[in-house]
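Asker: the sequence and its predicted three-dimensional model are supplied below.
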Amino acid sequence: MHNNLPAQSVPQHIAVIMDGNRRWASKRGLPKAIGHASGAKRIRGLVEACSARGVRWLTLFAFSTENWQRPADEVTSLMGLFLLYLQKEASDMHKTGVRLKVIGDRSAFDARLQTLMANVEAMTAHNTKITLTIAANYGGRWDMLQAVQAWHASNPGAPISALTEKALRPHLSLPDAPEPDLLIRTGGESRISNFMLWQSAYTELYFTPALWPDFSPESLDQALAWYAQRDRRFGAADATSLTNQLATG
């Protein structure tokens, strides 16, 4: 199935919480690492499917600030998988016009991984087909705190009353991206788990029981069809009044 939605019904920016790798492996009697590896293999197909359907930004929650609490061997496995993914996929993504970005606190990663992240970002910086953002050691609360601290560093001596939403935006992660139109969480949970809290104020939230390694282009089309039925008012009484507000400025 391939959706034939009109362009205005396709979200510009989709964010995804990729949940269910461990349960997928457990159901099959496999090690957790196999579940994570199977989940990583899903990313390329999702990037291609989103690009084909007109999505311009895709942001994936790969590793949260809370994930460090997992068993040490699982964290080590995830870090190795992240390194391997960047090494294997970066050149292919570059050839197909994908721009890759990484958001989150990189200071906790080893120097080799930090260097690889920077190199891949630089290599793909001018690509325009779709922007794939990997959120690693990322948390929404961390994002807001670091943004306030960065604003303060850029405006020494300024009173806190000078801090506005507009002033804060350049210091948040992904300042140049549109805010997510659609957030998809796989794995059956109905929460956003500290992901893009500021940016998701008016995001449509789609929860699916599908475990991440089972999330296919067809699953994406189901989410897009659901999204196309939403009446996005952004606080206005209805879509018409929103249009009028935008028209009158």
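Answerer: Happy to help now that I have it.
Asker: burial of residue 150, as a residue count?
Answerer: 14 (other Cβ atoms under 10 Å). All C-beta atoms are positioned from the backbone trio N, CA, C, and that covers glycine.
Asker: typo on my end, residue 155
Answerer: Residues within reach of residue 155, counting by other Cβ under 10 Å, total 12.
Asker: just the pLDDT for it.
Answerer: The model reports residue 155 with a pLDDT of 96.
Asker: next, count neighbours for the residue lying closest to it once chain neighbours are set aside.
Answerer: Nearest non-adjacent residue to residue 155, counting by Cβ to Cβ, 6 or more residues apart in numbering: residue 162, 6.7 Å away. For residue 162, the number of neighbouring residues by other Cβ under 10 Å comes to 10.
Asker: and the gap between residue 162 and residue 84?
Answerer: With distances taken as Cβ to Cβ, to the nearest Å, residue 162 is found 45 Å from residue 84.
Asker: for residue 154, see how far away the residue nearest to residue 155 is.
Answerer: 11 Å.
Asker: do the same with residue 93
Answerer: Distance of residue 93 to residue 154, computed by Cβ to Cβ: 32 Å.
Asker: more neighbours: which of the two?
Answerer: Ranked by neighbour count (other Cβ under 10 Å), residue 93 and residue 154 place residue 93 first, with 24 against 11.
Asker: separation between the more buried one and residue 100?
Answerer: Taking Cβ to Cβ, one finds residue 93 at 6 Å from residue 100.
Asker: shared neighbours of those two, anything?
Answerer: Common neighbours of residue 93 and residue 100 (criterion: Cβ atoms under 8 Å, 6 or more residues apart in numbering): 124, 132.
Asker: number of nearby residues for residue 94?
Answerer: 16.
Asker: test my guess that it contacts residue 126.
Answerer: No - with contact defined as Cβ atoms under 8 Å, residue 94 does not count as touching residue 126 (9.9 Å).
Asker: so for the helix or strand hosting residue 205, what gets flagged as buried?
Answerer: When elements are assigned from DSSP states H and E, residue 205 belongs to strand 204-207. Neighbour counts using 16 or more other Cβ atoms under 10 Å place 204, 206, 207 of strand 204-207 among the buried residues.
Asker: looking at these, spot the one nearest residue 29.
Answerer: Nearest to residue 29 out of the buried residues of strand 204-207 is residue 207 (Cβ to Cβ; 26.7 Å).
Asker: wouldn't the closest one be in contact with residue 190 here?
Answerer: Yes - at 4.8 Å, residue 207 counts as touching residue 190 under the criterion of Cβ under 8 Å.
Asker: all helices for the chain, in order.
Answerer: Applying DSSP state H to the chain gives helices spanning 21-27, 32-52, 72-95, 111-124, 140-154, 165-168, 217-228, 239-248.
Asker: among these, which comes closest to residue 195?
Answerer: Here helix 140-154 is closest among these (Cβ to Cβ), at 5.8 Å.
Asker: ok, the closest residue to residue 228 other than its chain neighbours - contacts?
Answerer: Using Cβ to Cβ, 6+ apart and skipping residues adjacent in sequence, the residue nearest residue 228 is residue 9, 4.1 Å away. For residue 9, the contact set (Cβ under 8 Å, 6+ apart) comprises 224, 227, 228.
Asker: quick check, nearest of those residues to residue 169?
Answerer: Closest to residue 169 out of the contacts of residue 9 is residue 227 (24.2 Å), distances taken as Cβ to Cβ.
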